[in-house]
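S.K.: Provide a 3D model corresponding to the input given below.
(4 chains)
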There are 2 protein chains.
Amino acid sequence: MVTLKDIAERAGVSMMTVSRVMNSKEGKVSEKTASRIRSLADEMGYIPNSSARSLAAKSSQIIAVILRDSNTFHPLSDPYNASFLGFITREIQKRGFYVMIHFVQDFSDITFRLRSWNAEGAIFLGVFDEEVQKIQNRNKIPLVFIDSYSNVRQLINIGIDDYKGGQLAAEYFLKNGHKTLGFVGPFTKTGGVISKRYQGFSDTLLAHQITLFDKHVYDLEQMDPQDIIDSISHDSCPPTGLFVFSDETALQLINIASNKGWDIPSRLSFIGFDDLPSFCTFSDKLTTIHQDIFRKAETSCNILFEHIATPDKPSENITLDVRLVERNSVCRLS
Amino acid sequence: MVTLKDIAERAGVSMMTVSRVMNSKEGKVSEKTASRIRSLADEMGYIPNSSARSLAAKSSQIIAVILRDSNTFHPLSDPYNASFLGFITREIQKRGFYVMIHFVQDFSDITFRLRSWNAEGAIFLGVFDEEVQKIQNRNKIPLVFIDSYSNVRQLINIGIDDYKGGQLAAEYFLKNGHKTLGFVGPFTKTGGVISKRYQGFSDTLLAHQITLFDKHVYDLEQMDPQDIIDSISHDSCPPTGLFVFSDETALQLINIASNKGWDIPSRLSFIGFDDLPSFCTFSDKLTTIHQDIFRKAETSCNILFEHIATPDKPSENITLDVRLVERNSVCRLS
DNA sequence: CTGAAAGCGCTTACAG
DNA sequence: CTGAAAGCGCTTACAG
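M.R.: Below is the predicted model:
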């Protein structure tokens, strides 16, 4: 293993001079020695020891990505998480930082994982609303939450306008003559995100004198997609359209309904949510609420690194826009 | 920040004693002092500094997961990679190790990333066949490749029986009376995996006096799914069945064909590949070659950690079995 | 522009 | 069972 010291000896200078060159703190080193040291380092195959740097400089260049793990599917089986992680990894690497991922079940783990490696910042993917305050109290590095609806005052958060997503879906259904509608989503596990989408949807319906009946609010934590379609098939007054919290689940429902011989969208219309780039080949017929996940990832990293550069920067809660993408899963009713 | 030294002072012992307790090197410490130190550490909120441990002990407890990045979609937009990464992350964490992920474009990056953090082992996801030897020469830690067909002799690799997958698909088509068949896959980028599946498929057809025509071997690097369906629709002697390298692409093709009004499987049959757990809700009608990705992930980690524990353990190349899962995307021809 | 000293928080290797 | 010393590879903070 080649160290600074080895290079220093060969170059006949002190370790400090080599260190300066390696960290591009030049202008403090004559260009002549600098270039000699660079070529020597290159020739000897020098690779800086990040642990040593981290220990001495108290800067690890590690960004921790914390993902909520559950007992069933792991967090990366959700294409939304996988897609987001991919984009932020690219962004983080682009800045010369490293990505450590952590699947966590409970709060206590987080502080340990963050501090043990002296992470310089963290991005939280999944629902941590209950723990945000505790996490912040214990970790004084920039913490960026994604899609959090925690009401902690000083919160760095990047989210989207979930409420508006619900509104857009409702308006679109109404515009197409639908009067009996349903909502599908997992309510508790997904924190505020789902309830905002639900609220935007139901508020808008209500404003048009349309009630979203309780029996048409399908909670994926109580029933699975098959149950939902069954329930609808036995419903005396079934919904003509469903607003589904994710494209993935929407496609699943469409699949089940189609297998039952239902004509989609004429028997049952659908609006999904997300419109992930890697998913579009399956959802090319699905009308959906689009969110720009690349932009969300990019923004998250920009904000994170701004806060790393300027620790006393005030926290900011950014809400990105959403829009409805019209395709062919909503039937026009006369 | 609480250090070993702080605890040592409060406990009135030396740092070494605290260090021993923290590393559970007991039996070398009286149980009385040990328990006192443990509760003190707990009370003071001690979190060991991994960088310092890594530097002093030359053991980082970091496993690097190297994913091949390209210029288009990032590696985690592929559900196979995402799924695999999720499983190995759980396994690695279970053993008290940390996961650092690295998206790499070219070889030179790899050594830097591995050595800079003193990774104790690495798992390679994606095609690195060309570089395996160079990577191994430069990095003397256990390196586990996934699905590699590199012919380097000493290779730790976990793969599946891709050739058999192709055979099973061919046999199943033949059993159902198909005589004109096609193969779909990206040929160059995916290394040996795809060509083995192709070979198993075409060899088996040939053994039954059936030729796989060149024009029915669709290379996804030359044409996209839409082109393939177009090509088939203009084909004077079109295939009645396609063996597709992944479920994802198979579903895409089915989607396009269905939109064209084709009846699936009667007009065109499909066999896919992978059968990922998180994907099954879309592929519930797709006959496919199943691989056990959880088992693959688990095996990879077992092998990796065995090699970390026993550095001179001989390399092993493990091939997991595959099986055909019969569903409803292959039509029975008379 | 360059360097000698001290220290980051831990472990190894030895001595008792 | 316990501890004092040296060192891992780097940077900070100072001095020149």
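S.K.: CA atoms for contacts and neighbours, from now on please.
M.R.: Fine.
S.K.: how about the helices in the stretch 101-250 of chain A?
M.R.: A:107-116, A:132-138, A:162-175, A:192-207, A:225-233, A:247-259 (DSSP state H, counting those that start in this stretch).
S.K.: so what does the shortest one touch, helix or strand wise?
M.R.: Helix A:132-138 makes packing contacts with helix A:107-116 when contacts are defined by 3 or more C-alpha pairs under 8 Å, 6 or more residues apart in numbering or on different chains; DSSP states H and E.
S.K.: list of residues touching the helix it packs on?
M.R.: A:64, A:66, A:102, A:104, A:122, A:131, A:135, A:138-139, B:47-51 (C-alpha atoms under 8 Å, 6 or more residues apart in numbering or on different chains).
S.K.: rerun at 7 Å
M.R.: A:64, A:104, A:131, A:138-139, B:47-50 (C-alpha atoms under 7 Å, 6 or more residues apart in numbering or on different chains).
S.K.: hang on, the earlier thing: please produce CSV containing the helices of the stretch 101-250 of chain A, extended by mean neighbour count.
M.R.: Listed next are the helices of the stretch 101-250 of chain A as CSV, based on neighbours: other C-alpha atoms under 10 Å in any protein chain shown:
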stretch, mean neighbour count
helix A:107-116, 17
helix A:132-138, 15
helix A:162-175, 23
helix A:192-207, 20
helix A:225-233, 17
helix A:247-259, 21
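S.K.: DNA strand C is nearest to which of the ones you listed?
M.R.: Within these, the stretch nearest DNA strand C is helix A:107-116; the backing value is 8.2 Å (C-alpha to the nearest atom of the strand).
S.K.: tell me the SS of A:I264?
M.R.: Assigned by DSSP: H, G, I helix; E, B strand; the rest coil, the conformation of A:I264 is coil.
S.K.: can you give me the distance of it to A:F270?
M.R.: Taking C-alpha to C-alpha, to the nearest Å as the measure, A:I264 falls 8 Å from A:F270.
S.K.: more neighbours, these two?
M.R.: More neighbours surround A:F270 than the other of A:I264 and A:F270, with 28 against 17 (other C-alpha atoms under 10 Å in any protein chain shown).
S.K.: pLDDT and distance to B:R295 added to the contacts of helix A:107-116, as TSV?
M.R.: Formatted as TSV, these follow (pLDDT from 0 to 100; distance: C-alpha to C-alpha, whole Å):
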residue	pLDDT	distance to B:R295
A:A64	98	27
A:V104	96	22
A:E131	90	34
A:R138	91	37
A:N139	92	36
B:I47	95	33
B:P48	95	33
B:N49	96	33
B:S50	97	30
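S.K.: list residues touching both of A:I264 and A:F270?
M.R.: Shared contacts of A:I264 and A:F270, counting by C-alpha under 7 Å, 6+ apart, come down to A:S329.
S.K.: what number of residues are in the vicinity of the closest residue to A:L206 other than its chain neighbours?
M.R.: What sits nearest to A:L206 in space, not counting adjacent residues and going by C-alpha to C-alpha, 6 or more residues apart in numbering or on different chains, is A:L212, at 7.7 Å. In terms of burial, A:L212 registers 20 neighbours under the definition other C-alpha under 10 Å.
S.K.: state the distance from A:L212 to A:C301.
M.R.: For A:L212, the distance to A:C301 - C-alpha to C-alpha - is 38 Å.
S.K.: swap in A:M44?
M.R.: 35 Å.
S.K.: so between the two, which is more surrounded?
M.R.: A:C301 (25 against 14).
S.K.: does the more buried one sit in a helix or strand, and which one?
M.R.: Following DSSP states H and E, one finds A:C301 within helix A:293-309.
S.K.: now that helix, how far from the centre of its chain.
M.R.: Average the C-alpha atoms of helix A:293-309, do the same for its chain, and the two points are 11 Å apart (C-alpha atoms, centre = their mean, to the nearest Å).
S.K.: low-confidence ranges in chain A?
M.R.: Scanning chain A for pLDDT under 70 picks out the ranges A:26-29, A:189-190.
S.K.: near DNA strand D, which residues of it are found?
M.R.: Listed as neighbours of DNA strand D in chain A under the rule C-alpha under 7 Å from any atom of the strand: A:1-5, A:15-16, A:19-20, A:23, A:47-50, A:52-53, A:55-57.
S.K.: mind redoing it with 6 Å?
M.R.: Counting by C-alpha under 6 Å from any atom of the strand, chain A comes close to DNA strand D at A:3-5, A:15-16, A:19, A:23, A:48-49, A:52-53, A:55-57.
S.K.: for these, give me TSV that also has distance to DNA strand C and neighbour count.
M.R.: Output for these, formatted as TSV (distance: C-alpha to the nearest atom of the strand, whole Å; neighbours: other C-alpha atoms under 10 Å in any protein chain shown):
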residue	distance to DNA strand C	neighbour count
A:T3	13	16
A:L4	12	19
A:K5	11	15
A:M15	7	17
A:M16	5	12
A:S19	10	17
A:N23	13	9
A:P48	14	19
A:N49	12	18
A:A52	6	18
A:R53	7	16
A:L55	4	19
A:A56	3	12
A:A57	7	9
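S.K.: of these, which belong to helices?
M.R.: A:4-5, A:15-16, A:19, A:52-53, A:55-57 (DSSP state H).
S.K.: chain B next: which of the residues you listed are close?
M.R.: Taking C-alpha under 7 Å from any C-alpha of the partner chain as the test, chain B is in contact with A:52, A:55 out of those.
S.K.: domain parsing for chain A?
M.R.: A:4-48, A:62-160+A:293-320, A:162-292 (automatic domain parsing).
S.K.: ok, the residue nearest to A:L206 touching A:L181?
M.R.: Yes - shown here, A:L212 and A:L181 form a contact pair, counting by C-alpha atoms under 7 Å, at 6.4 Å.
S.K.: near chain B, which residues of chain A are found?
M.R.: A:47-52, A:54-55, A:74-77, A:82-83, A:86, A:99-101, A:112, A:115-117, A:252, A:278, A:281-282.
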